[in-house]
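J.: Structure for the following, please:
(2 chains)
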Protein chains: 2
Amino acid sequence: MTSIAVVGSGVSGLHLGLFLQQHDVPVTLYSDKTAEQIASGRLLNTVAHHHHTLERERELGVHHWDASEYGYVCHQHAVVGTPEPMRWRGDFQHPSSIIDYRLYLPRLLQDYEERGGDVVIGPIDTEMIERISSDHDLVVVAAGRGMGAMFAPLPDKCPYDKPQRRLSAGIYHGVRYSEPKGVGVHMSLGHGEMLELPITSREGFATALLFENIPGGDLEVLADVSYDEDPRAHDELVLRKLEQHYPMCFERVDAASFRLQGPDDLLQGALTPVVRQDYVRLESGTFALAMGDAHCVVDPVNGQGANSASYSAWVIGRAILDDLAVDEQFCRRVARDRQAFVHGVSDWTNMILNPEPHVVGLLMAMAENKAVCDAYTQNFNHPDRQWDTVATPERTAAFIARYGAGQPAVAA
Amino acid sequence: MTSIAVVGSGVSGLHLGLFLQQHDVPVTLYSDKTAEQIASGRLLNTVAHHHHTLERERELGVHHWDASEYGYVCHQHAVVGTPEPMRWRGDFQHPSSIIDYRLYLPRLLQDYEERGGDVVIGPIDTEMIERISSDHDLVVVAAGRGMGAMFAPLPDKCPYDKPQRRLSAGIYHGVRYSEPKGVGVHMSLGHGEMLELPITSREGFATALLFENIPGGDLEVLADVSYDEDPRAHDELVLRKLEQHYPMCFERVDAASFRLQGPDDLLQGALTPVVRQDYVRLESGTFALAMGDAHCVVDPVNGQGANSASYSAWVIGRAILDDLAVDEQFCRRVARDRQAFVHGVSDWTNMILNPEPHVVGLLMAMAENKAVCDAYTQNFNHPDRQWDTVATPERTAAFIARYGAGQPAVAA
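T.: This is a model prediction of the structure:
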């Protein structure tokens, strides 16, 4: 029986660890943080789990937040900067869900431990990975962006050499949910996007605002302003920017109660998207397989990173069950099996960051035709299809023609 | 709606043509022979259709030869040249079937035409493919090995620069079927293999003998001897060679009635295995996708060519239905989706032609353990898994360990 090391306790590491545990494959999970440290730490992200990810949670027996109660059912699109402000809605066939990872990850780590899982807590670095590799038949590296350097970037999948957005993600009180409950996908032309996310936080239902700010635009300041120096000034700046750039969110804000939940509930930064090679052979002869952010880092504008990471965990888990070895042929198989999905997430997201005219045209078509918007929304579960949709003008035209027989989109 | 040209009326061309027709995709089938010419011509091959191929026939409504009546259920292995002759059996979960392609192809061409399908009869060459490409959105080239030259070989998938076997395939009277009815997989160490195939021929149930002769061995003469010059001498030579090299077939031969069915029922020759690139862009800008023998030629020793070709037709057909365009992205998707299966057929078959010691060891394990042999036999439906089994000594050992808990194999 093969012994697997899973390095990293993010969503993909936990999903793979729980999967292997469920199928009686010996596995050791290496984490640089305890469940308590994760739970009490800074906001990690504001990512949605779409239906296919929730289905994997159900299969693992870790879907602790019933999507029919905690989830949301649509994308509420809103655009300003066009001659007239625009708004339209796209519906999911099944709800998606957003749980603060400071609730989610510790709970799943606890599940894994309660089911008898091995966890080793300690620093994670390349030297440590080489060292543990002699105790295992395969090392799956899912220790976030920090360990990506083990795996060389694929130049033809990396169009950007610097961040395309400067980010501010925070959890706020004082934003009333849309009806039906959905993720607000707001655009302020020339300045960026803002995702308004109905999140289940440590304090219960709240709203995460993820500002995707174009460098040099009017909103970039949100990635730099210090909350700790003057919390109230920060919150007032956010409120003012919301009013100006994202009025269709602001209309549901109660200015009196609007505030960041707390100093740990803000994450500012930027990232450069990258897709890396799938695997390397370690000095011990054991193969190390990249997963999650160690394999592929995407801008969060499409909210796909966690879903891609979890999908990858599943591909790897199933391949471990099915295949006869965890050798290079196994690694190539994993690479092939996840390529369309993981590269699809990356190619699609990179296109959205600097959309070609036909992708802008797709947004316009979505505004005019709900069936087109529903199809695009539903395909957040199928990023491979999403890339197949936006890759060329001809493909986008064919997508609109295929789904465009429906009725005009209705504002929420 | 996309218009597809399918060039070639072999099994993959017909399966794809029927599939697209069934799904209302405009398709034109180009054939260099009429149904009558195929029906009255020389033996084309002696290939088995395994369960997955029969399942596609059922879905197309062209499974005219009920596998429970016309099919067979096992592989009867027999080896001479070892210290003691060996025999053992591997069972399929579902029957496979062998129908003479001079019955099979005309009948499916007739189905396609009766359902209103467009067929253009005429010579097929590269000039013709360029010419018709301007009338179609995609050209699928399935015109046999002759048109392979359009697609460059993939050097790392082509270990051989010349044929590894010299072939004689013929349909014979006078061979009683094994019980249970199966394909005889005979080996004469150092001289080659012989497949004894329960075929449905133009004259009804008969037996095809496919001699896979190692160049320089005692059986090579079978690929050269002329039937037309002296039919009786040919048949007697075959009988003598059977007695000497394949006694576990010979024991079911009635020497008095043993004879080739007729002069058109013999095919002698040799082929060099090759895997080619998946597609090219034609001068018109339209893409040409290789399918079947235009894409991948394998030695018939594993009887996988037709199944691989039909699988490829299905991948292409489904991709045409699902995808939004038939552009290069589409072609890359087809390449990725069929790679494990089609390359698996090729890699596995190339390994069997010159087996490494661990593959010989696998045969010995099959002889000793029926569960191992059944698993290998069943995997004739999963050539990707078969390659995963034989690629390295470690993988073969893991396969034997996984399935080796069963009882010893029993001779038929």
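J.: Low-confidence ranges, the stretch 1-150 of chain A, go.
T.: A:1 (pLDDT under 70).
J.: Nearest to chain B: which residue in it?
T.: Relative to chain B, the nearest point of the stretch 1-150 of chain A is A:Thr2 (9.2 Å; CB to the nearest CB). Placement of C-beta: from N, CA and C, glycine included.
J.: In contact with that residue, which residues?
T.: A:Thr2 is in contact with A:Val25, A:Pro26, A:Asp137, A:Leu138, A:Ile320, A:Val326, counting by CB atoms under 8 Å, 6 or more residues apart in numbering or on different chains.
J.: Enumerate the residues of chain A near chain B.
T.: Proximity of chain A to chain B (CB under 8 Å from any CB of the partner chain) is limited to residues A:323-325, A:327, A:329, A:333, A:336, A:339-340, A:388-389, A:391-392, A:394-395, A:398-399, A:402.
J.: Apply 6 Å and report the result again.
T.: Counting by CB under 6 Å from any CB of the partner chain, the positions of chain A adjacent to chain B are A:Leu324, A:Ala325, A:Gln329, A:Asp388, A:Ala391, A:Glu394, A:Arg395, A:Ala398, A:Phe399.
J.: would you list every one of the helices in chain A?
T.: Secondary structure of chain A by DSSP state H: the helices cover A:11-22, A:35-39, A:51-60, A:67-70, A:101-114, A:126-133, A:231-245, A:247-250, A:305-322, A:328-353, A:357-368, A:370-378, A:383-390, A:393-403.
J.: Let me see the ranges of the strands in the stretch 51-200 of chain A.
T.: A:72-80, A:86-96, A:118-121, A:138-141, A:166-173, A:182-188, A:192-201 (DSSP state E, counting those that start in this stretch).
J.: relative to strand A:192-201, how tilted is the first one?
T.: What that stands for is strand A:72-80. Here the directions of strand A:72-80 and strand A:192-201 differ by 150 degrees (axes from the mean of the first three to the mean of the last three CA atoms, to 10 degrees).
J.: for strand A:72-80, packing partners?
T.: With contacts taken as 3 or more CB pairs under 6 Å, 6 or more residues apart in numbering or on different chains; DSSP states H and E, strand A:72-80 sits against strand A:86-96, strand A:182-188.
J.: picking up where we left off before, between the residues of chain A next to chain B, which is nearest A:Gly184?
T.: A:Phe399 (23.5 Å; CB to CB).
J.: now the closest one, nearest residue through space, not along the chain?
T.: Nearest residue to A:Phe399, sequence neighbours excluded (CB to CB, 6 or more residues apart in numbering or on different chains): A:Thr389, at 4.5 Å.
J.: Would you check how far apart that neighbour and A:Met86 are?
T.: 20 Å (CB to CB, to the nearest Å).
J.: just A:Glu368 next, same as before
T.: 10 Å.
J.: again, but for A:Ala306
T.: As judged by CB to CB, A:Ala306 and A:Met86 stand 29 Å apart.
J.: who's more crowded, those two?
T.: Using other CB atoms under 10 Å in any protein chain shown, the more surrounded residue of A:Ala306 and A:Met86 is A:Ala306, with 24 against 20.
J.: gap between the nearest residue to A:Glu57 once chain neighbours are set aside and A:Ala48?
T.: Counting by CB to CB, 6+ apart, A:His63 is the residue found nearest to A:Glu57 once chain neighbours are left out, at 4.0 Å. Going from A:His63 to A:Ala48 by CB to CB gives 15 Å.
J.: Identify the residues contacting stretch A:60-75?
T.: A:18, A:54, A:57, A:89-92, A:95-97, A:99, A:107-108, A:111, A:180-183, A:185, A:198, A:200, A:377 (CB atoms under 6 Å, 6 or more residues apart in numbering or on different chains).
J.: Going through the residues you listed, which ones are buried?
T.: Neighbour-count burial (16 or more other CB atoms under 10 Å in any protein chain shown) is assigned, among the contacts of stretch A:60-75, to A:18, A:54, A:57, A:89-90, A:92, A:95-97, A:99, A:107-108, A:111, A:182-183, A:185, A:198, A:200, A:377.
J.: quick one, what contacts the closest residue to A:Gln304 other than its chain neighbours?
T.: Among residues not flanking A:Gln304 along the chain, A:Val345 sits closest, at 4.5 Å (CB to CB, 6+ apart). By CB under 6 Å, 6+ apart, the contact list for A:Val345 reads A:Val298, A:Gln304, A:Ser308, A:Pro383.
J.: count of residues packed around A:Pro85?
T.: When neighbours are counted by other CB under 10 Å, A:Pro85 registers 11.
J.: Tell me how far the residue nearest the centre of chain A lies from A:Ile38.
T.: The residue lying closest to the centre of chain A (CA atoms, centre = their mean) is A:Gly305, at 3.1 Å. Counting by CB to CB, the separation of A:Gly305 from A:Ile38 is 17 Å.
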